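Q: sequence first, predicted coordinates after that:
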Amino acid sequence: MFYREAGQFNTRYAEGRRVFTLRQDRHGLAALLAVAFVVVPWVGNDYWLSAILIPFLVLSLAGLGLNLLTGYAGQLSLGSAAFMAVGAFATYNLEVRVSGLPLLISIALGGLAAALVSALFGLPSLRIKGFYLLVSTLAAQFFVGWALTRFGWFSNDSASGVISAPRLDIFGVNLDAPAGRYLLTLTVVVALFWLGKNLVRSELGRQWMAVRDMDTAAAVIGIPLAKTKLLAFALSGFYLGVAGALWAFAYLGTVEPHGFDLNRSFQILFIIIIGGLGSLLGNFLGAAFIVLFPILLSNLVSLLPSGLIDAGQVENLQKMFFGALIILFLIKEPEGLARLWQRFRERARLWPLRY
Amino acid sequence: MSKRSIASRLALALTLTAAAFSVQAGNEQYFPLQSYRVGPYAAGGTGFFGGFIDYLKYVNANGGVNGVKLTWSECETEYVVEKGVECYERLKKGLNGAPAAATNPLSVGIAYATLDRSTNDKLPLITINHGRTDSTDGSVFPYVFPLQLNPYSEVSAIINYIGQRAGGLDKLKGLKIVTLYHGSPYGKETNEVLQTLADKYGFALTLLEVPHPGNEQQSQWLNIRREKPDWVILRGWGVMNPVALKTAQKVGFPADHIIGNIWSNSEDDAAPAGAAAKGFIAITTHPSGTDFPVLQGIKKDVVDAGHGDLADPKRFGTVYYNLGVVNGILNVEAVRIAQQKFGQQPLTGEQVRWGFENLRLDDARLKELGALGLVQPLQLSCSDHEGGGAVRFQQWDGTQWKLISDWVQADRALLRPIIEASSHQYAREKGITPRDCSKES
C-alpha cells in the first residue's frame, strides 16, 4: 500500500537506470544518511560511537572488500586480514615518514599498497580455483603477518612492534574525539560503498559475475580472465587496505600484527557468508550480526543479577547461543541476511496483499 | 485496550523498572574489571581477578575505605583487544553513580589500545608488573602506571641475579645467554634492552622467538641445544611456559638453568609440565603461600564465609591469586591516600591518579596492611610510576615454589635514560608536552 511505485513515472532514460527507482527508497536512504551524519554524532555517547558504530562501519567496509572478490568475482580468499594489515602499516609509515602528507591521501595510498600486495597474491588465481585458491591466499595471511613482525622497519623500529596512531588531522580540524573519528569513518565508508555500487553495476562488475558463474564461458565470449581476476584482487585489496587503516587509526588507535591474524580473516569471511555473498547491504547486515550481536548479548546478560551464573560460564553460554543463532539463520535463509531483507521488501511491495 | 494505550503502559512500566535499576548508590567507589575467564589465558585471569575481587570484598567486610564501600563489575575480554576496548568504553562511566577509580586490564594489547582513551578520559590505567615500559615516565604518561616492575627492570634484575650466581657482574663476560620470548609486543618489548645489557657486560646474547601461542617449540630448543648456553631466560605467557619446560627436558637442557620471567612464574605454568619443571627458577615480586596476615584475613572474612571468587579453592595463595591481592592492596591504598587529600568520599579518576602518584608503602605501612613480605616497599612519584623494580627468585620443587634469594634490584640508573628517550620520542610523535615534575606537588 505504501511501498508501491504507483504514480511514479520515469520520463528520462537516466531516471530508469537509477540505483533506487522508488521514491520511497530514495527518501529513506536520504533520511538514513541525514540521521547518520547529523543526528548520531550529536546524540551519541562515547560508548556507542567508539565501541559500537566505528567497528561496525569498518568491518562492513572490509566485508565489502571481500565481497567484491568472493561474492562478485567468485575468487575465494582467506587473506583479507593480511591486506588490512598492509593498509594499516602502509598508512602509518606514510604518516610517520613523509611529513605533511594529508591523512586522506595517506589512507588512499595505504589502500593502494594493499591493492598491489593483493594483486601479487592473486596471481595464483590465474591457474587455480575454489578451495585451492583459498589455501594460496592463506599463504598471504601468514607471510604478511610474518613480514610485519620480522622487519622492525614497518613499525618504525618500536621495541614492542606495536604502532600507535598519530593525531588525526584533516584540513586543520582535529578528529581525535569519538564523534570526529566516527564522522571520518562514516564519510570514507559511504564514499567507498557508493564507489562499490557503481563498480558492480559497471561493465567490470558484470565481467566479474560472468567469471564467477562460469569462467570458461566468460573466456569464450571474450572477457579477459587475467585482467578481470587481478583487478578483482586489486580492488578488493584496496577496500581491505582502507578498512585496515581505519581500524588502526579511527578505531583502536594502535595496532599490532596479531590484530590482523587468521581469526580476523575468518571473521570477515563469516560476515559476508551470513550477510549475503554478492550484495552490498549484506555487508552491513553481516557486520551487525557478527560484531554487534555478541555485544548486545553481553549487555543483556550484564542486566541479570550478578552471581546468578558463574562469570566464565556466562561467556561460554553466550558463544553457544550465538553459534545456535548462526545455524538457525543459515537454515532459514542459506543465502544470507540480505536475501531475507530482499524477501521482506518484496512482501512489503505487495502489502497488504499476500501475492 | 487500544494499541496506543498498551504501548504507553508498556513504556511507563519499562521506564519505572529502569529507574528502579539505576538506584543512586551514593557512597561507593567503582572498579571496572576487564576480566578474562575464558580463552587460552583463563588460568591467569581467573586467578588474578579472583584475588582482586576477594581483596575488595575483604576491604568492604572491614568497613570499606574510610566508610566508602567498593563496588565492581566484570566484562569478559577473552584477552582480545577490541573486546577490551568495548568493555572499557562500556564501564568507564561508573556504576549506578559510583565513579570509576582505575582500570586493570592485565593485558599488554588492551593496555596499548586504551592508553590514549584513558588519558583523555582521565582514568588511571594500571599495568602491574608489565605494560609499556616508557609509561614509567609519568611526565609523559600521567595516567599510566606500570606498578612495581616494568619489563626493563625485570630483565635487568634477571641479569643481575645471573651475575650474582656467577660470582659478580664482571663474571658475566663470556657467558652465553639465550632469551626465548613470546611472539607478541609483550615478548619483544625487552629485546633492545637485553642487547644493551649484553653490550655492557660482555655476554653473548641470542634472541629466539616463539610464535604465539607457543604450542610447538621443537626447533627453538634444538637451536638452544646446539648453542649450549649457560642460561635460558624464558619470557613466556600462558601455554608457552609448560611446553617450553617439556621441550627443554626432551632436548636435555637442565631446568635449573632456565629462569622464567614475571609471567612464567606461576603454579599454572610449572605444574602442567610435571617432572620437567623440577628445578625451574622464576622471578616473583611477591611470594606465593598463605601465611600473611592479609591472606589469613581474606580467608576468614571472605572465603570461609562462602563469598570467595575462586571456583577451585585450592588456588588460594597461588602466584596469580596473590598478584590479584597485591594489585587490590595497591589500588585501595591509592584510593585511601587520595581520600586524605580530597576527602572521604567517592573520588574521580583524576583524584585517584594523584593517589597513585603519591603511593608510598614502607615496611611500617605494610605491617599495618598485613602484607609485610608479600609486597615490596614502593615509592611512586611524578617521574617514576614504577616505584619498585626489585624481584625475588623462587624455584619449583615439584609441588610448590620455594624462595631462593633475597630482593634483587634492577639497574634502574642504567635503564632510566633509555626509558626517557623512548617516552620523549612518544611525546614528540603525539605532540604532548611533558609535565614538569619538579613543579608538581
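A: That came in fine, so what should we check first?
Q: can you tell me the SS state at whichever residue of the stretch 151-300 of chain A sits closest to chain B?
A: Among the residues of the stretch 151-300 of chain A, residue A:160 lies closest to chain B, at 3.7 Å counting by CB to the nearest CB. (Glycine included, C-beta is placed from N, CA and C.) Three-state secondary structure (criterion: DSSP: H, G, I helix; E, B strand; the rest coil) places residue A:160 in coil.
Q: and for it, the neighbour number?
A: Using other CB atoms under 10 Å in any protein chain shown, residue A:160 is surrounded by 21 other residues.
Q: against residue B:42, how distant is the closest residue in space to residue B:271 that isn't next to it in sequence?
A: Setting aside the residues directly before and after it, residue B:271 is nearest to residue B:277 in space (CB to CB, 6 or more residues apart in numbering or on different chains), at 7.1 Å. The spacing between residue B:277 and residue B:42, counted by CB to CB, to the nearest Å, is 20 Å.
Q: and residue B:269, by the same measure?
A: Taking CB to CB as the measure, residue B:269 falls 13 Å from residue B:42.
Q: give me the more crowded residue out of these two.
A: Neighbours were counted for residue B:269 and for residue B:42 using other CB under 10 Å; residue B:269 has more, 29 against 18.
Q: phi, psi of residue B:400?
A: The phi and psi torsions at residue B:400 (degrees, to the nearest 10) take the values phi -150, psi 170.
Q: need the per-residue pLDDT for it.
A: pLDDT, residue B:400: 88.
Q: please apply the same query to residue A:21.
A: According to the model, residue A:21 scores 87 on pLDDT.
Q: do residue A:166 as well
A: At residue A:166, the model reports a pLDDT of 79.
Q: residue B:8 too?
A: At residue B:8, the model reports a pLDDT of 57.
Q: my read: the residue of the stretch 151-300 of chain A closest to chain B touches residue B:132, true?
A: Yes: using CB atoms under 8 Å, residue A:160 and residue B:132 qualify as a contacting pair, with a distance of 7.4 Å.
Q: shared neighbours of these two, anything?
A: B:108, B:112, B:189 (CB atoms under 8 Å, 6 or more residues apart in numbering or on different chains).
Q: near chain A too, which of those residues?
A: Intersecting those with the contacts of chain A gives B:108, B:112, B:189 (criterion: CB under 8 Å from any CB of the partner chain).
Q: for the stretch 201-350 of chain A, what lies in contact range of chain B?
A: Counting by CB under 8 Å from any CB, the positions of the stretch 201-350 of chain A adjacent to chain B are A:251-254, A:256, A:258-259, A:295, A:298-299, A:302-303, A:306, A:310-312, A:314-316.
Q: just the buried ones from those?
A: Among these, those classed as buried by neighbour count (16 or more other CB atoms under 10 Å in any protein chain shown) are A:251-254, A:256, A:258-259, A:295, A:298, A:311-312, A:314-315.
Q: looking at the residues you listed, which has the smallest pLDDT value?
A: Within these, pLDDT reaches its minimum at residue A:311, with 69.
Q: distance of the residue nearest to the residue of the stretch 151-300 of chain A closest to chain B when sequence neighbours are not counted from residue B:87?
A: With CB to CB, 6+ apart as the measure, residue B:185 is the residue that lies nearest to residue A:160, at 3.7 Å, once sequence neighbours are left out. Using CB to CB, residue B:185 is found at 20 Å from residue B:87.
Q: neighbour count winner among those two?
A: Using other CB under 10 Å, the more surrounded residue of residue B:185 and residue B:87 is residue B:87, with 27 against 23.
Q: check contacts around that one.
A: B:32, B:34, B:75-77.
Q: ok, and the closest non-adjacent residue to it?
A: residue B:75 (3.6 Å).
Q: right, and that neighbour touches residue B:33 too?
A: Yes: taking CB under 8 Å as the definition, residue B:75 is a contact partner of residue B:33 at 7.0 Å.
Q: who's more crowded, these two?
A: Comparing residue B:75 with residue B:33 by neighbour count (other CB under 10 Å), the higher total belongs to residue B:33, at 24 against 20.
Q: contact partners for the residue nearest to the more buried one when sequence neighbours are not counted?
A: If the residues on either side of it in the chain are set aside, residue B:33 comes closest to residue B:74, at 4.5 Å by CB to CB, 6+ apart. By CB under 8 Å, 6+ apart, the contact list for residue B:74 reads A:311, B:33, B:35, B:37, B:49.
Q: is it possible to export those to TSV including distance to residue A:280?
A: Supplementary listing: these in TSV, determined by distance: CB to CB, whole Å:
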residue	distance to residue A:280
A:311	39
B:33	40
B:35	38
B:37	39
B:49	42
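Q: nice, that's everything, thank you.
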